[in-house]
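Student: coords please:
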Amino acid sequence: MTDSASSIKQKISFTFAKTGAARFFSHHDIMRHFERGFKRAGIRVHHSKGFNPRPRMVFPHPLPLGVSSICEEIEVELSEEYSLEELFKLLVPVLKPCIELKGMTTLNNCKRGRVVESCTYLIENFPDQADLTAANREMLEAEQILVERGHGKKRREVEIRRFILSSEVAGNSVTVNLAHFTDGAGRADEVGQYLARKLNLDWHDLDFTKVAMNFKK
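Tutor: Numbers count the residues shown, from 1 in each chain. This is a model prediction of the structure:
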């Protein structure tokens, strides 16, 4: 099936949901699941050249482990042309039950993928709306919020307030829009940890779902 010499006939962005137990699948697990799905469906994916050709697939913004999403996307280069209806019919059965394919869009055959400008997340399961509103207001009024990222010798302090574009409370949940810059991006789990700390909660009890990806024009 590998055909590294073939030209790119199509570039498609596939939108899918990663929820339930699938939120604990790693980025590499999801990538392998798509690779196997395309093979089982008989869809010819364009491959890189070289000693170890790989399918030309890219995630605009991979999810952290444990975060759900209803709007994930994977951009795939194909070496044959297909109708979107045909692709959808071929892929849905082979991607279930791990992945729920929601739709697809034809992209220009550009070398680089699209660039994410921001992502919107829903953080749920806060117990008290009044205290949550106060904690959210305090977060937005803060000049800086420092967190530690990484492990061991790679552990470093990062200022995350600059990533928070907006944050709104509705009931016992927060909807937060986090920016992506060339030197880093906002993370919903860090926002959840900040708010949980203010409320004396265990942030592991919170649920995180990516609900929108916003791309640069």
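
Student: is the closest residue to Arg149 other than its chain neighbours in a bridge, and if so with what?
Tutor: What sits nearest to Arg149 in space, not counting adjacent residues and going by C-beta to C-beta, 6 or more residues apart in numbering, is Val158, at 5.0 Å. (Each C-beta comes from the backbone N, C-alpha and C, glycine too.) Beta bridges link Val158 to Val147 when assigned by DSSP bridges.

Student: how much space is there between Val158 and Ala185?
Tutor: Computed as C-beta to C-beta, to the nearest Å, the Val158 to Ala185 distance reads 11 Å.

Student: related to what we said a few turns ago, could I get the pLDDT score of the residue nearest to Arg149?
Tutor: At Val158, the pLDDT value in this model is 91.

Student: residue ranges for the strands of this protein, please.
Tutor: Here the chain has its strands, by DSSP state E, at 10-18, 57-58, 68-78, 100-107, 116-124, 146-149, 156-159, 164-170, 173-181, 184-185, 207-215.

Student: top helix in the protein by residue count?
Tutor: helix 27-41 (DSSP state H).

Student: surely Glu159 meets Leu146?
Tutor: Yes: at 5.7 Å, Glu159 counts as touching Leu146 under the criterion of C-beta atoms under 8 Å.

Student: Next up, the contacts around the residue nearest to Ser26 when sequence neighbours are not counted.
Tutor: With C-beta to C-beta, 6+ apart as the criterion, Ser26 has its nearest non-adjacent residue at 6.1 Å, and that residue is Leu65. Residues near Leu65 by C-beta atoms under 8 Å, 6 or more residues apart in numbering: 23-24, 26.

Student: Would you mark the buried spots in stretch 191-202?
Tutor: The neighbour-count check on stretch 191-202 (16 or more other C-beta atoms under 10 Å) flags 191-196, 201 as buried.

Student: just to revisit the earlier point, what does the longest helix of the chain rub up against?
Tutor: Outside helix 27-41, the residues that touch it by C-beta under 8 Å, 6+ apart are 1, 14, 18, 22, 25, 45, 55, 57, 59, 62-63, 74, 76, 90-91, 94-95, 98-99.

Student: now the strands of the chain as a markdown table including distance to His33?
Tutor: Output for these, formatted as a markdown table (distance: least, C-beta to C-beta, whole Å):
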| stretch | distance to His33 |
| --- | --- |
| strand 10-18 | 10 |
| strand 57-58 | 11 |
| strand 68-78 | 10 |
| strand 100-107 | 12 |
| strand 116-124 | 22 |
| strand 146-149 | 27 |
| strand 156-159 | 31 |
| strand 164-170 | 32 |
| strand 173-181 | 25 |
| strand 184-185 | 24 |
| strand 207-215 | 18 |
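
Student: Indicate which one of those is closest to Arg137.
Tutor: Smallest distance to Arg137 across the strands of the chain (C-beta to C-beta): 8.7 Å, for strand 164-170.

Student: Specify the angle between the closest one and strand 173-181 in degrees.
Tutor: Strand 164-170 and strand 173-181 are oriented at 170 degrees to each other (axes from the mean of the first three to the mean of the last three C-alpha atoms, to 10 degrees).
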